[in-house]
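Student: With the input below, show me the fold.
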Amino acid sequence: DTGFVAKLEVCLPSSTGPNYFGIRNLPTGEFRLVSIDAVTGVFSTISTTSVLNQVTAPDNSVITLNNQIWFGTNDWNNSNHYLYHVNTSNGQFAKADSIPMASGSNYIYLFYNCIRDTVFGIIAGSSNFVGAELIKIGQNGQLIHTGNYLNAPGTCYISDYTMLPDGRLYFRGTGNGAYILDSISTTTNLMPFSGTADIKLWAAPRMSCYTACNSQEGVSEIPNDQFISLYPNPIEDGFFTLKMEGEMKVEIIDYSGRVVLMENGKDEIRLNVSTLPAAMYGVRISSGEKISFGKIVVLK
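Tutor: Here you go, the predicted model:
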């Protein structure tokens, strides 16, 4: 972008296309929702809110499979944290809830489990799981206080995490260990590294929930000028259909690179993935000498 660039507080990849969604915190106190072309870098304004006079929390934002954004803010003047919801299709901002600060030390940390299509988070002091309350976002967008509190020794870097294939989160610890958070059982486990040396996990790249087949129609164009129709995605009833003109071989690949399912057919194939654990899988489609790749999400 060129010229005066207001602070880009949130920048998240679209789940349905090759672009990013961003939220700018304007000097006037407004928030601006923008779409960012991933190739050219051009910013396009979708909407601008009224003056909010709040500070966004960049690490406390998530985007869902249908491109709904949730993010937290800090309002130091009123000693509150606010949770916002943004509909990227119409640009509407909505305040979902507020949480009083506990001496300014508690924050809302948001996470997204794209395997279960669930937004959840914790209310906690910085870098500390001990005593943190687990929260969830309900189907109607309400904030649910679960009353479940996490209890794990030590501290971690809450913004440094990756999602495991089963939806659990793996956090970088401040010492020679890491933490696994299970949002379903609300448990946290310390995973110590072997040896007595100060061995640390320094990087935890976030697993992408992106799949080019997430549109309602499930249709995406691939570079070899063929068209693939794959639906539904995510998969809830154990079956999905793949359409492509001609003979094809379809392979479903798990996170370790192992082919867990393979099917051959012509023009249309209906695959049964009901025996596969809930996770994200790669899809490799071979037709002659041409190979295309995609992703599917299997829900349970």
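
Student: which of the residues in stretch 137-146 are buried?
Tutor: Using 16 or more other C-beta atoms under 10 Å as the test for burial, stretch 137-146 gives 137, 143. Just so you know, the C-beta spots here come from the backbone N, C-alpha and C atoms, and that holds for glycine as well.

Student: how long is that stretch end to end?
Tutor: This stretch, stretch 137-146, spans 10 Å end to end (C-alpha to C-alpha, to the nearest Å).

Student: what's the answer for stretch 38-54, then?
Tutor: 28 Å.

Student: Equivalent analysis for stretch 283-299, please.
Tutor: End-to-end distance for stretch 283-299: 16 Å, by C-alpha to C-alpha.

Student: Same question for it: list its buried residues.
Tutor: 283, 285, 287, 292, 294, 295, 296, 297, 298, 299.

Student: For that stretch, give the mean pLDDT please.
Tutor: Average pLDDT, stretch 283-299: 83.

Student: And stretch 18-29, by the same measure?
Tutor: 84.

Student: what does stretch 189-204 give?
Tutor: Averaging pLDDT along stretch 189-204 yields 66.

Student: From start to finish, how long is stretch 181-191 in a straight line?
Tutor: 11 Å.

Student: got it, and stretch 278-297?
Tutor: One end of stretch 278-297 sits 7 Å from the other (C-alpha to C-alpha).

Student: How about stretch 13-29?
Tutor: End to end - C-alpha to C-alpha - stretch 13-29 spans 24 Å.

Student: buried sites along it?
Tutor: Buried-residue list, stretch 13-29, by 16+ other C-beta under 10 Å: 13, 14, 15, 16, 19, 20, 21, 22, 23, 24, 25.

Student: quick one on the thing from earlier: let me know the closest of the buried residues of stretch 283-299 to residue 120.
Tutor: residue 299 (15.5 Å; C-beta to C-beta).

Student: Residues touching stretch 33-52, excluding its own?
Tutor: For stretch 33-52, the external contacting residues (C-beta atoms under 8 Å, 6 or more residues apart in numbering) are 1, 11, 13-14, 18-24, 26, 28-32, 73, 86, 88, 90-93.

Student: Next up, the contacts around residue 113.
Tutor: Neighbours of residue 113 in contact, by C-beta under 8 Å, 6+ apart: 119, 120, 163, 167, 169, 183.

Student: Out of those, give me the one that has the most neighbours.
Tutor: Most neighbours among those, by other C-beta atoms under 10 Å: residue 119, with 24 neighbours.

Student: check which helix or strand covers residue 233.
Tutor: Residue 233 is part of no helix or strand, with elements assigned from DSSP states H and E.

Student: no no, residue 9
Tutor: Per DSSP H and E: strand 7-13 holds residue 9.

Student: what's the most distant pair in the buried residues of stretch 283-299?
Tutor: The most distant members of the buried residues of stretch 283-299, if one measures by C-beta to C-beta, are 287 and 299, lying 27.8 Å apart.

Student: quick check: mean pLDDT across stretch 160-169?
Tutor: Stretch 160-169 carries an average pLDDT of 76.

Student: List the buried residues for that stretch?
Tutor: By neighbour count on 16+ other C-beta under 10 Å, the buried set for stretch 160-169 is 160, 161, 162, 163, 164, 166, 167, 168, 169.

Student: ok, for the residue most central in space within the chain, nearest residue in space, not its chain neighbours?
Tutor: Nearest to the geometric centre of the chain sits residue 112, at 4.5 Å (C-alpha atoms, centre = their mean). Distances taken as C-beta to C-beta, 6 or more residues apart in numbering place residue 62 nearest to residue 112, at 3.8 Å, with adjacent residues excluded.
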